[in-house]
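Asker: quick one: sequence plus predicted model below, questions after.
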Amino acid sequence: MDEQFVHAVLNIVDIIPNGRVATYGQIARIIGRPRNARLVGKVLGKFGGRGHHPCHRVVTANGRLVPGWFDQRPMLLVEGVPFKDENHVDIKRCYWRGI
């Protein structure tokens, strides 16, 4: 995996504000790689889960949480992120507009 891409993804994740969420596609667009949303997800899965980056603030375009990541929902709830149901944040109310 391209080290420059990894750093670009993690740098954007680091600036997502508390109480807001971003999408994989949004991060890909911000770093100039709009067709690499899935690769953003792979980066977060591999390098973001070490507790140094707020990866819990990244969801799919429709607000779906990461399947099987049971800590993501409680972490977002603590930050005041609103939910539509058990597995989806209310993306309209908590979407980060980015830089």
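Answerer: Thanks, I have it.
Asker: how about Ser96, nearest residue that isn't a chain neighbour?
Answerer: Careful, residue 96 is Trp; it's not Ser. Arg20 (3.8 Å; C-beta to C-beta, 6 or more residues apart in numbering). Glycine gets a C-beta too; all of them are placed from N, C-alpha and C.
Asker: ok, Val59 next?
Answerer: Counting by C-beta to C-beta, 6+ apart, Val21 is the residue found nearest to Val59 once chain neighbours are left out, at 5.1 Å.
Asker: is it true that the one you found touches Arg97?
Answerer: No - applying C-beta atoms under 8 Å, one finds Val21 not in contact with Arg97, separated by 11.3 Å.
Asker: okay, these two: which has more neighbours?
Answerer: Neighbours were counted for Val21 and for Arg97 using other C-beta atoms under 10 Å; Val21 has more, 25 against 8.
Asker: what bridges to the residue nearest to the spatial centre of the chain?
Answerer: Centre of the chain computed as the mean C-alpha position; nearest residue by C-alpha atoms, centre = their mean is Val58, 1.2 Å away. As for beta bridges, Val58 partners with Ala22 under DSSP bridges.
Asker: contacts for the helix ranked longest in the chain, please.
Answerer: In the chain, with assignment by DSSP state H, the single longest helix is helix 3-13. Outside helix 3-13, the residues within contact range by C-beta atoms under 8 Å, 6 or more residues apart in numbering are 22, 27, 30-31, 33, 36, 39-40, 43-44, 47-48, 53-55, 57-58, 99.
Asker: before we move on, what about stretch 69-84?
Answerer: With contacts defined as C-beta under 8 Å, 6+ apart, stretch 69-84 is touched by 18-21, 56-57, 63, 65-66, 86-87, 89-90, 93-94.
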